[in-house]
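Undergrad: below is the sequence, then the predicted model.
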Amino acid sequence: MRQPNESPAPEAAPPDATGARILVVDDDPTVSEVVSGYLDRAGYVVDRAEDGPAALVRAAAHRPDLVVLDLMLPGMDGLEVCRRLRERGPVPVVMLTARGDEDDRILGLEVGADDYVTKPFSPRELVLRVQSVLRRTRPGPQTRPLSAAGLVLDPAARRATKNGVELALTLREFDLLAFLLAHPRQVFGREELMREVWGWDFGDLSTVTVHVRRLRGKVEDDPARPLLIQTVWGVGYRFEPTGTTGTGPAGNRGTFENAGAFEGTGAVTGTDAASEGSAGRA
């Protein structure tokens, strides 16, 4: 297993770190020690586990505010650990993956990871990612409920329902849906969504693609033919509060076509390649 490419150095504690408990799960003692050291100096309470079963025991004894989870664990891998943690309730997860393993990153996002960092990584970058994820678990100044098309989101309670039935959304899925609900009929490219929802100025755009697909699976009546979260070919996505299809101008950003069949196949065709990029998934 590859190690982080920096040695520990003092870090200033962010104002929102006080009291937050982070569980670091990695079978490489060097990686675990370095990551834990950086998080400790950033002001977090850090627990450590060397494998999946130990991580589940630690999480049951002291519920973490966030889990830093290595994908390649012996025995029970990180994907299974993430699934089992999710069964116990929502908890943000930052996944550690090997560089270049796109399939692993996609799988991690699909089982509910909120973010991922590829190895070898900068511990400082990891701390910034942890801070970003935790910051989004706290209600911002915009806390009024949002509603449309049978969906109701309460940002203060971090609760979402559709037709009165509670939705099991991850942190990022909730944030993505809240952003789209707050900006109905506006079209956003994946770069814009990554900046506005994830708070990143750069990153793997397939992260957005995977989250859109997962979110459609939870809010659409027929995810293969989405009516709420619609694709604007060659541009990006928009939320249609009436849940109807149509054609015509989409502001100054492009023209909408119902891409339901395309979204269900995961193929990139025609002008939508500009929006979907090389990910080949929606």
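TA: Yep, that arrived.

Undergrad: what lies in contact with stretch 19-31?
TA: Applying CB atoms under 8 Å, 6 or more residues apart in numbering, the contact partners of stretch 19-31 are 1, 3-4, 32, 35-36, 39, 43-52, 54-55, 58-59, 62-70, 73-74, 78, 81, 96, 130, 134. No exception for glycine: its C-beta is placed from N, CA and C like everyone else's.

Undergrad: the strands in the stretch 51-200 of the chain, which residues?
TA: Using DSSP state E, counting those that start in this stretch, the strands assigned to the stretch 51-200 of the chain run over residues 66-70, 93-98, 115-119, 146-148, 151-154, 159-162, 165-166.

Undergrad: given the longest one, what are its sheet partners and their directions?
TA: Pointing back at strand 93-98 there. When sheet partners are counted by DSSP bridges, strand 93-98 sits next to strand 66-70 (parallel), strand 115-119 (parallel).

Undergrad: any idea of the mean pLDDT in the first one?
TA: I take that to be strand 66-70. For strand 66-70, mean pLDDT rounds to 95.

Undergrad: which residue is nearest the centroid of the protein?
TA: For the chain, the residue sitting closest to the mean C-alpha position, by CA atoms, centre = their mean, is residue 114 at 3.2 Å.

Undergrad: I'd like to know how far that residue sits from residue 199.
TA: Between residue 114 and residue 199 the distance is 12 Å, computed by CB to CB, to the nearest Å.

Undergrad: just to revisit the earlier point, most tightly surrounded among the strands paired with strand 93-98?
TA: strand 66-70 (a mean of 26; mean count of other CB atoms under 10 Å).

Undergrad: which outside residues touch that strand?
TA: 1, 20-28, 31, 35, 39, 55, 59, 78, 81-82, 85, 91-96, 113, 126, 130, 133-134.

Undergrad: follow-up on the earlier one: would you format the strands paired with strand 93-98 as a markdown table with distance to residue 103 included?
TA: Shown next, in a markdown table, are the strands paired with strand 93-98 (distance: least, CB to CB, whole Å):
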| stretch | distance to residue 103 |
| --- | --- |
| strand 66-70 | 16 |
| strand 115-119 | 12 |
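
Undergrad: thank you, goodbye.
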